[in-house]
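Chemist: Can you look at this prediction? I've put the sequence above it.
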Amino acid sequence: MRTETRILLHGANLWYFGEGMFGPLFAVFTERIGGNVFDIAWAWATYLMVTGVLMVIIGKTTTTALRQKRLLVTGYILNAVLTFCYLLISTPTHLFLIQIGLGVAGALATPTWDSLYSHYQSKRMRSYIWGLAEGEAFMLTGIAILIGGYIVGTFSFTTLFIVMGTVQTIAALWQARILRRVRQ
């Protein structure tokens, strides 16, 4: 496996771990800030719609590897910053704004990550390399959900968001290593 592929894979795994800690706790958090089921649905739908629309645009307009690397790292950094912003949320409106920002971050990072990951992988190992990316993401998210539940149950959402933001920051720094690789 190429060094670039390992950088992308390990950085994504850290991201999935950090992001996964919130998982189903999103609903509990939304209710704690005064939201209801409708707010949960709108916040999540807003995130998905913003992410989806912008993924198409970014995927279409970003063609060079260097630009993809820069947008990937920018998306990871933005995601980490916005994860820390969960600490500032006190109303459902704040949550919607953070979800929009996270949608932008995801749209910057995901199509560029996919393109770079495809570019740097061995043709003879394609299925295995993609299996690693997808399988490890599911496994790490499952573990992260349990850890996130433990953190909230034992400590607080504040502790959870600090841990998540820290992991997201480490993921961003890890992915930034791709910028130092020889341009191809």
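Modeler: Cool, got the structure.
Chemist: Just the buried residues of stretch 93-113, please?
Modeler: Neighbour-count burial for stretch 93-113, with 16 or more other C-beta atoms under 10 Å as criterion, is recorded at 95-113. Just so you know, the C-beta spots here come from the backbone N, C-alpha and C atoms, and that holds for glycine as well.
Chemist: for the record, mean pLDDT for it?
Modeler: If you average the pLDDT over stretch 93-113, you get 96.
Chemist: Over to stretch 70-86?
Modeler: Mean predicted confidence for stretch 70-86 is 96.
Chemist: and what of stretch 170-184?
Modeler: Mean predicted confidence for stretch 170-184 is 82.
Chemist: Give the buried residues for that stretch.
Modeler: Neighbour-count burial for stretch 170-184 flags 170-172, 174-178 (criterion: 16+ other C-beta under 10 Å).
Chemist: Neighbours of Gly18, how many?
Modeler: For Gly18, the count of nearby residues is 25 (other C-beta atoms under 10 Å).
Chemist: show me the contacts for it.
Modeler: 83, 144, 163-168, 170-171 (C-beta atoms under 8 Å, 6 or more residues apart in numbering).
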